[in-house]
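Visitor: Turn this into a model:
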Amino acid sequence: MNDTVSHRPPAVSVKDLTVAFERDESRVSAVNGVSYDLARGEVLTVIGESGSGKSVMLRTLLGLVPGHARLGGSVHINGVDMNRLDPATLSAMRGREISMIFQEPSTAFDPVYTIGEQIIETVLRHEDVSHAEAAARAKDMLDLVAIPSAERRLRNFPHEMSGGMRQRAMIALALACRPSVLLADEPTTALDATVQIQILLLLRKLQRELDMALIFVTHDMGVAAEISDRVAVMYAGRFVETGSAEDVLLNASHPYTRSMLDSTVHAGMRGQVLQTIRGAPPDLRALPPGCAFAPRCPAAVGGCRSGQPPAVGLSRTHTAACLQLAAAAA
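Guide: Alright, predicted model coming up:
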């Protein structure tokens, strides 16, 4: 996906990324040839069903994959190839150049240390400052994410905060060293609707103020519409449609994207039958030879099951990988 209109050099550049997990005789192909560039100041949202490879792709950018994972392609963060770094250098990059907001802060935070201690430790790890300066930074970060009584909250353990406050504290921790790239793995899934919109607005505000490149993973179309500059739809480890938020969410072209939109609950649906996507996502241990969505696609024809569909340029910013779209464009 190289549909960005930005003229700034990419903060994130991913080329033909593949991730497979091998153990004994089993091979799970989780990410299968993903490419995109993202500049600072842009938000890319990756959407798709559970098991489509979104979180694996995100964690690979940080090098957070197990030792039995087999990687292909390249991941560059600010020009540095993350797949070629030694463990010590990679650890130094995390938190300073690239950081992550995890889905469930109650498990991401260490339960035996206070919120303040964990933010201070991060600042001391990456910056040459005194403990007092790191403590002041921690308080400033809690103020930045609008946590009331920030100085007192620094002394709280994670379990002493509500879900929404823990998520704000997780954002503060991720932003403590002002990274240029921020990854967010479904950070609002466990929150109620009111807190969810507060967190989304806060993330968008901070992303603009700090001029970060943000990659946001979700399966919620409403969340994608709220936060995105660009959207990539992921299925079976591949991007099947990419474009601006308007391209993908208002002018969806791939059958999978249209099916997801049709099966989304929204206001005014009371009394209507909810559409569903028939079947189940494919087994990543045995992907079909053709389009992975073909067994579930209402518009599939014989050729869809025999080869990978090409990516079709629908506009300067909009692409979709579908055999029928390719035939129509020919």
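Visitor: Pretty sure residue 107 sits in a helix.
Guide: Yes: according to DSSP: H, G, I helix; E, B strand; the rest coil, residue 107 belongs to a helix.
Visitor: and it, how many neighbours?
Guide: Around residue 107 there are 10 other residues, counting by other CB atoms under 10 Å. Using the backbone N, CA and C atoms, a C-beta is placed for each residue, glycine as well.
Visitor: likewise residue 316?
Guide: 11.
Visitor: what pLDDT does it get?
Guide: In this model, residue 316 is scored at 93, pLDDT.
Visitor: per-residue confidence averaged over stretch 86-94?
Guide: Averaging pLDDT along stretch 86-94 gives 91.
Visitor: and residue 90, what helix or strand is that in?
Guide: Here residue 90 sits within helix 87-93, counting by DSSP states H and E.
Visitor: by contact count, what packs against whichever helix or strand comes after that helix?
Guide: Note on helix 87-93: by DSSP H and E, the next helix or strand toward the C-terminus is strand 98-101. Using 3 or more CB pairs under 8 Å, 6 or more residues apart in numbering; DSSP states H and E, the elements in contact with strand 98-101 are helix 54-62, helix 163-175, strand 181-185.
Visitor: Try it again at 10 Å.
Guide: Packed against strand 98-101 by the contact rule (3 or more CB pairs under 10 Å, 6 or more residues apart in numbering; DSSP states H and E) you find helix 54-62, helix 163-175, strand 181-185, strand 213-218.
Visitor: Keeping just the C-alphas, turn that strand into CSV.
Guide: The C-alpha trace of strand 98-101 is given here as CSV (Å, rounded to 0.1, in the frame of the first residue of the first chain):
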residue,chain,number,x,y,z
ILE,A,98,8.4,3.5,18.4
SER,A,99,5.9,2.7,21.2
MET,A,100,2.7,0.7,21.7
ILE,A,101,-0.6,1.0,23.5
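Visitor: Please identify the deepest-packed of the helices and strands packed on strand 98-101.
Guide: Stretch with highest mean neighbour count among the helices and strands packed on strand 98-101: strand 213-218 (a mean of 26; mean count of other CB atoms under 10 Å).
Visitor: and the angle from that one to helix 54-62?
Guide: Per axes from the mean of the first three to the mean of the last three CA atoms, to 10 degrees, the angle that strand 213-218 makes with helix 54-62 is 150 degrees.
Visitor: Strand 213-218: partners in the sheet, and parallel or antiparallel?
Guide: Note on strand 213-218: by DSSP bridges, its sheet partners are strand 43-47 (parallel), strand 181-185 (parallel).
Visitor: Thank you, goodbye.
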